[in-house]
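Visitor: Sequence and computational prediction follow.
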Amino acid sequence: MKTLKDHSNQIDMLHGPLLGKILLFALPLAASSILQQLFNSADVAVAGRFAGYQAQAAVGVNTPVINLLINLFVGLSVGGNVVIANFIGQRKDHEIHTAVHTVVALAFLSGLFLLGLGQVAARPILSLMGTPEDTLDLAVVYLRIYFLGMPFIMFYNFGAAVLRSVGDTRRPLLCLVISGVINVILNLIFVIVFHRSADGVAIATVLSNGVSATLVMLFLLRESEPIRLDMKRLCLDKNILRRVVRIGVPAGLQGMVFSLSNVCIQSAINGFGSAAMAGSAAAQNFESFTFYVTNSFNQATVTFVSQNYGAHQFERCKRVLVLSLISGFIASGLMSAVFCLGRRTFILLFTTEPDVIEYGVSRILHVGLFSFLAVSYEVTGAALRGAGYSLTPTIITVFGSCVLRLVWVYLLFGKFSTFASLLSVYPITWVVTGLMMFTAYFTLRKKLFPKAENA
């Protein structure tokens, strides 16, 4: 029987040079995440080009809502990644096996819960956000159909987290390459051939998410022990579930509050009308691409630190953070610069409406150009989570990137009430949160990595 070390798709995080392995982990993950974002980008682009900017706005307004409702459970998948990786560092095969089956069972339950929640909450949330009447019905239909695919989305995310815990980021990428191509083809068929609007692009997304989830399941069913999935052994082990929740819930709550602040900002954007909503939705795609590069180094950090922390290799934990920060700033900074330099061309991929283009270009200049700054707190917070400190980065991020945004929207924005002044809150809060996270890390480092401090 093969062991973890025998599998060609896995990375030995406990021995040898780190930089090459971090890049080998992070770059396929970045590509996977960008492809996942392309599901939504394809929706926005096809809707804008072939169904009108109201349909484009209906798709775009749902992005922060979707993130708000699913981020708690995505955080739990991060908790599963940390717990499994930590057991791998400790070489506890029985615990790894039990954790895998607990995480997959949690994915199924999460998906079913979100499916029901989306049907009930769609209209109330979108109405509360002040979605214009010419967009509201389309947005509600899109969101309800999208959430029919939540079991697929949850299984993919949790299953990919299991694969990432052993360093496998290539097969999740393969899943998304296949499903991403299917998504684009189905978008064009439903909208151009069958003349559907936002509902057509939503159906295409659900079907393509089903493909990626099925592929991940097949990989796990054929995986080597101890991470092989056996559907008959699905369980919710109390001790492991407690560990997953302890790490995952703070990460998920951070994502939820983060998304809540973005929902509030989106509500303010809605006040500028459908053209602003559509332009903002188009530009957000490029911010998301940059963020997913950042997040790939976030995930690399949390996984590498988790395994090495479990093995008590504290000096390697510290080196992982330094290398991930440098790599993340370079990769995300280059992507931000490319999108800014080609901003008008990139927005034209989504729309030809002059007003929509101007709003999109404005967002890229005021937000997208500075997106790389998020590396400072995302990657540093990941190092703390990998060592088991999940609450600290959550508190910092909630305050720095969420509370301050709400203060800006409700206390300061009213004095200026311009699109640019609203968007400037993003780079300001990224800088503040980064400084706070660095301070917390260096304050806790001696406690977290004692051997690294004495080395």
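Guide: Happy to help now that I have it. Numbering: from 1, shown residues only.
Visitor: rest of the way, CA atoms for contacts and neighbours
Guide: Fine.
Visitor: And the helix or strand hosting Asn183, what's buried?
Guide: Taking DSSP states H and E as the criterion, Asn183 maps to helix 170-188. By neighbour count on 16 or more other Cα atoms under 10 Å, the buried set for helix 170-188 is 170-177, 179-180, 182-184, 186-188.
Visitor: Quick check: next helix or strand after it?
Guide: Per DSSP H and E, the helix or strand that comes after helix 170-188 is helix 198-221.
Visitor: other SSEs contacting the following helix or strand past that next one?
Guide: Counting by DSSP H and E, the next helix or strand C-terminal to helix 198-221 is helix 238-270. With contacts taken as 3 or more Cα pairs under 8 Å, 6 or more residues apart in numbering; DSSP states H and E, helix 238-270 sits against helix 62-90, helix 93-128, helix 274-310, helix 391-397, helix 404-407, helix 419-423.
Visitor: Out of the ones you listed, indicate the one that is most buried.
Guide: Of these, the one with the most neighbours on average (mean count of other Cα atoms under 10 Å) is helix 274-310, at a mean of 27.
Visitor: Toward the C-terminus, what is the element adjacent to that one?
Guide: helix 314-341.
Visitor: Could you check that next one and say which residues are buried?
Guide: So, applying 16+ other Cα under 10 Å, buried residues of helix 314-341: 314-325, 327-329, 331-333, 335-337, 339-340.
Visitor: got the contact list for stretch 99-118?
Guide: Stretch 99-118 is contacted by residues 69-70, 73, 77, 80, 83-84, 143-144, 147-155, 158-159, 162, 227-230, 233-237, 240-241 when judged by Cα atoms under 8 Å, 6 or more residues apart in numbering.
Visitor: could you dump it to PDB, C-alpha only?
Guide: The C-alpha trace of stretch 99-118 is given here as PDB (Å, rounded to 0.1, in the frame of the first residue of the first chain):
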ATOM      1  CA  ALA A  99     -10.100  13.900  10.100                       C
ATOM      2  CA  VAL A 100     -10.600  13.400   6.300                       C
ATOM      3  CA  HIS A 101     -13.900  11.700   6.800                       C
ATOM      4  CA  THR A 102     -15.100  14.200   9.300                       C
ATOM      5  CA  VAL A 103     -14.200  17.100   7.000                       C
ATOM      6  CA  VAL A 104     -16.000  15.500   4.000                       C
ATOM      7  CA  ALA A 105     -19.200  14.800   6.100                       C
ATOM      8  CA  LEU A 106     -19.000  18.500   7.200                       C
ATOM      9  CA  ALA A 107     -18.900  19.500   3.600                       C
ATOM     10  CA  PHE A 108     -22.100  17.600   2.800                       C
ATOM     11  CA  LEU A 109     -24.000  19.100   5.700                       C
ATOM     12  CA  SER A 110     -22.700  22.600   5.000                       C
ATOM     13  CA  GLY A 111     -23.800  22.400   1.400                       C
ATOM     14  CA  LEU A 112     -27.300  21.300   2.200                       C
ATOM     15  CA  PHE A 113     -27.700  24.000   4.800                       C
ATOM     16  CA  LEU A 114     -26.500  26.700   2.400                       C
ATOM     17  CA  LEU A 115     -28.800  25.400  -0.300                       C
ATOM     18  CA  GLY A 116     -31.900  26.100   1.900                       C
ATOM     19  CA  LEU A 117     -30.500  29.400   3.200                       C
ATOM     20  CA  GLY A 118     -30.000  30.800  -0.200                       C
END
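Visitor: so how far is that stretch off the chain centroid?
Guide: Relative to its chain's centre, stretch 99-118 lies at 17 Å (Cα atoms, centre = their mean, to the nearest Å).
Visitor: which of the contacts of stretch 99-118 count as buried?
Guide: 69-70, 73, 77, 80, 83-84, 143-144, 147-155, 158-159, 162, 227-229, 234-236, 240-241.
Visitor: just checking, Gly271 touches Gly130?
Guide: Yes - the pair Gly271 and Gly130 qualifies as a contact (Cα atoms under 8 Å) at a distance of 7.5 Å.
Visitor: any idea where the helices of the stretch 351-455 of the chain begin and end?
Guide: Ranges of helices in the stretch 351-455 of the chain, per DSSP state H, counting those that start in this stretch, are 354-366, 375-386, 391-397, 404-407, 413-416, 419-423, 425-448, 450-454.
Visitor: And the longest one, what does it pack against?
Guide: Contacting helix 425-448 under the criterion 3+ Cα pairs under 8 Å, 6+ apart are the following elements: helix 375-386, helix 391-397, helix 404-407, helix 450-454.
Visitor: If you count neighbours, what's buried in it?
Guide: 425-434, 436-437, 440-441, 448.
Visitor: pLDDT of that helix, averaged?
Guide: Taken as a whole, helix 425-448 has an average pLDDT of 91.
Visitor: try the fifth one
Guide: For helix 413-416, mean pLDDT is 70.
Visitor: Output it as PDB, restricted to C-alpha atoms.
Guide: The C-alpha trace of helix 413-416 is given here as PDB (Å, rounded to 0.1, in the frame of the first residue of the first chain):
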ATOM      1  CA  PHE A 413     -18.600  58.900   2.900                       C
ATOM      2  CA  GLY A 414     -21.700  61.100   3.400                       C
ATOM      3  CA  LYS A 415     -19.500  64.200   3.500                       C
ATOM      4  CA  PHE A 416     -18.000  63.500   0.000                       C
END
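Visitor: From here on, call the first residue 6.
Guide: Okay, residue one is now 6; in that scheme the one you just asked about reads as helix 418-421.
Visitor: Identify whichever of the helices and strands packed on helix 243-275 lies nearest to Met18.
Guide: Nearest to Met18, of all the helices and strands packed on helix 243-275, is helix 279-315, at 6.0 Å by Cα to Cα.
Visitor: Surely Ile274 touches Ala425?
Guide: No - look at Ile274 against Ala425 with Cα under 8 Å: they stay out of range, at 10.5 Å.
Visitor: Find the residues that touch each one of those two.
Guide: By Cα under 8 Å, 6+ apart, no residue touches both Ile274 and Ala425.
Visitor: if we can go back for a sec, for the helices and strands packed on helix 243-275, which one sits closest to His371?
Guide: Judged by Cα to Cα, the one of the helices and strands packed on helix 243-275 that comes nearest to His371 is helix 424-428, at 6.2 Å.
Visitor: which helices and strands does that closest one pack with?
Guide: Short answer (3+ Cα pairs under 8 Å, 6+ apart): helix 424-428 packs on helix 243-275, helix 359-371.
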